[in-house]
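> A structural model of the following input is requested.
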Amino acid sequence: MANLWHIFLAFFIPGIVGYGGGPASIPLIENEVVQHYHWLTVNEFSRVLALGNSLPGPIATKMAGYIGFEQGNILGLVIGLLATVAPSILLMIVLLKLLDRFKKSPKVKRLTLLIRPTIAVLLAVMTYEFLRSSFVEGGAFQTVFLIIVSFVLLERLKIHPAFVILGSLCYGAIFMAS
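Alright, predicted model coming up:
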């Protein structure tokens, strides 16, 4: 029972404080499942994130479902999903009227401006951890190669990100399988 409560907390807390949606809550989820509960390593988390990014839909719910299932089977999956969407549902129901009333408030605008750099720092730290893990696990050549090829495909050739992700997954399966 305690593990189910931990699954709930691991995804509810990032949902509450992860202002900005899935990309903003990913570093918070990573902190909970890797640093706090030690359910996954950084490398395992990056694989779950890559898998979640390759599928359609919100990333946080896919990660919550997968990690919840790994930790608590079907009930863990359901609790992880509910914990991920509950903050959004509660905020929409309770605070929509309040936010509409104060949307032009200088304090609300200032709060939004203060939260954005924090999320940027968290994303930068997570990116650094993923790169460091990739250099150790996959090697410097593989990491730099995938970064350069992805950049060229996305920025220069304007290939859709889904195809770049799919190509990276195929490359990893073929050339980096352990």
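> what is the burial count for L40?
17 (other C-beta atoms under 10 Å). Using the backbone N, CA and C atoms, a C-beta is placed for each residue, glycine as well.
> do V34 as well
When neighbours are counted by other C-beta under 10 Å, V34 registers 19.
> and it, what does it touch?
By C-beta atoms under 8 Å, 6 or more residues apart in numbering, the residues touching V34 are L40, T41, V42, F45.
> check it and give its pLDDT.
V34 carries a pLDDT value of 94.
> any idea how far it is from L49?
From V34 across to L49, the span is 11 Å (C-beta to C-beta, to the nearest Å).
> cool, and L123?
To L49, L123 is 12 Å away according to C-beta to C-beta.
> list the contacts of the one helix or strand N3 maps to.
Using DSSP states H and E, N3 maps to helix 2-17. Contact with helix 2-17 is made by 25, 28-29, 31-33, 36-37, 39, 60, 64, 67-68, 71-72, 75-76, 79-80, 82-88, as judged by C-beta under 8 Å, 6+ apart.
> what of stretch 136-143?
N43, L131, S134, F135, G172, F175, M176.
> not counting sequence-adjacent ones, nearest residue to the third one?
In other words, S134. T143 (4.4 Å; C-beta to C-beta, 6 or more residues apart in numbering).
> where does the one you found sit: helix, strand or coil?
helix (DSSP: H, G, I helix; E, B strand; the rest coil).
> give me the pLDDT value at it.
The model's pLDDT for T143 equals 90.
> residues near the closest residue to I67 other than its chain neighbours, how many?
With C-beta to C-beta, 6+ apart as the criterion, I67 has its nearest non-adjacent residue at 5.7 Å, and that residue is V33. The number of residues packed near V33 is 26, by other C-beta under 10 Å.
> pull out the buried residues from stretch 145-164.
For stretch 145-164, the neighbour count (16 or more other C-beta atoms under 10 Å) marks L146, S150, L153, V164 as buried.
> who's sitting farthest from the centroid in the protein?
R101 (31.1 Å; C-alpha atoms, centre = their mean).
> return the distance of that residue relative to T143.
49 Å.
> for P161, which residues are in contact?
L154.
> what's the distance between it and R101?
38 Å.
> what does L90 give?
Separation of L90 from R101 (C-beta to C-beta): 18 Å.
> what's the answer for P14, then?
27 Å.
> from memory I119 sits against L28, does it?
No: I119 is not in contact with L28 according to C-beta atoms under 8 Å; the separation is 9.3 Å.
> spit out the residues that contact those two alike.
With C-beta under 8 Å, 6+ apart as the test, I119 and L28 reach no residue in common.
> okay, the angle between the helix or strand hosting I29 and helix 2-17?
For I29, the element it lies in under DSSP H and E is helix 22-30. Counting by axes from the mean of the first three to the mean of the last three C-alpha atoms, to 10 degrees, helix 22-30 lies at 140 degrees to helix 2-17.
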